[in-house]
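Trainee: How does the following fold in three dimensions:
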Amino acid sequence: MGTLPEIAVILVQPQYKGNVGAVARVMLNFDFKELRIVGEMPLKDDYVIGVHSDALLDSAVCFDSLDKALVDIDLPIAFTRRVGKKKRPDMSSRYLGDYLTSQPRGKTALVFGRETFGLTDEEVDLCLVRCHIPTSKSFGSLNLAQSVAVIAYELFTVKALTRNQETLRFASGGKIEEMVSSIVENLVKIDYFNHGDSLKAKRYLKGIFAKSLIRDEEIHFFTKMFERLGYLYKNKCEKV
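Mentor: The predicted structure is shown next:
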């Protein structure tokens, strides 16, 4: 087991006064020091509630959109309680620490949505992994700061257990994204999706490879394999 990667917490358009401050306080409780906000800077109420977290709030960086906030992130992880046939989470929060320490891939972002309706489908699709915090079926909604606290605590306990251990390096989230895009493009070339959904396949493949112990040389292998399939199919069609 390796150590945790560098981690940033991203809040997408937090809406209620004081919630950003509460998140900042929780972050410091569990040794997280980078806060990004899609939306406006923290307000006075955030500084009041975020006792002794002024420095963290002052250093928070704001962005116009989530894609801009993720520009230097290798592994973005969306936290969502939306579940269903087409919105299957990749993992429970219980296994997040094991996942990150077994296959760290550079800078990681924990992405939390609005208090009212969470992340949009488009925002979730910007993330490589979907994570779900198990809660009661009769009352599943968590406060924003509580959600961050649950995840921060889980990762803090893992960090304490794995401190000073060697980190193993696997393929970055960006390389996985490029490989999956190439695979889907070549599947389109061979008419694989005549009766299917290429976007759905892309989401599934991203989830599968994100959870794997895939290395750069294996990324290269899969990319070249599907490029070869596309090439052979094209040649076959031209000879017919």
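
Trainee: Give the residue spans of the protein that score low on pLDDT.
Mentor: Of all residues in the chain, those with pLDDT under 70 make up the ranges 1-2, 82-89, 103-105, 160-169, 195-196, 240.

Trainee: residues of the helix or strand encompassing Glu218 that come out buried?
Mentor: The secondary structure element spanning Glu218 is helix 216-239 (assigned by DSSP states H and E). Taking 16 or more other CB atoms under 10 Å as the basis for neighbour counts, the residues of helix 216-239 that come out buried are 219, 222-223, 226, 229-230, 233. (Each C-beta comes from the backbone N, C-alpha and C, glycine too.)

Trainee: farthest pair in the residues you listed?
Mentor: With CB to CB as the measure, no two of the buried residues of helix 216-239 lie farther apart than Ile219 and Tyr233, at 21.9 Å.

Trainee: What are the buried residues along stretch 4-13?
Mentor: Residues 4-5, 7-13 are the ones in stretch 4-13 that count as buried (16+ other CB under 10 Å).

Trainee: Where does the residue positioned nearest the centre of the chain sit: helix, strand or coil?
Mentor: Among the residues of the chain, Ile77 comes closest to the average C-alpha position under CA atoms, centre = their mean, at 1.4 Å. Following DSSP: H, G, I helix; E, B strand; the rest coil, the label given to Ile77 is strand.

Trainee: Same list, the buried residues of stretch 4-13, but as TSV with secondary structure please.
Mentor: As requested, the buried residues of stretch 4-13 are arranged in TSV below (three-state DSSP):
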residue	secondary structure
Leu4	coil
Pro5	coil
Ile7	strand
Ala8	strand
Val9	strand
Ile10	strand
Leu11	strand
Val12	strand
Gln13	coil
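
Trainee: Of all pairs in those, which one spans the longest distance?
Mentor: Within the buried residues of stretch 4-13 (distances taken as CB to CB), the two that end up farthest apart are Leu4 and Gln13, at 26.7 Å.

Trainee: Now do the helices in this protein.
Mentor: Assigned by DSSP state H, the helices in the chain fall at 19-29, 44-49, 54-59, 66-69, 96-102, 121-125, 144-162, 173-189, 198-210, 216-239.

Trainee: Quick one: closest of the ones you listed to Ile133.
Mentor: Nearest of the helices of the chain to Ile133, taken as CB to CB: helix 144-162 at 5.6 Å.

Trainee: just checking, what packs against the closest one?
Mentor: Packed against helix 144-162, as judged by 3 or more CB pairs under 8 Å, 6 or more residues apart in numbering; DSSP states H and E, are the following elements: strand 7-12, helix 19-29, helix 96-102, strand 108-112.

Trainee: okay, the angle between that helix and strand 108-112?
Mentor: On the basis of axes from the mean of the first three to the mean of the last three CA atoms, to 10 degrees, helix 144-162 is oriented at 150 degrees to strand 108-112.
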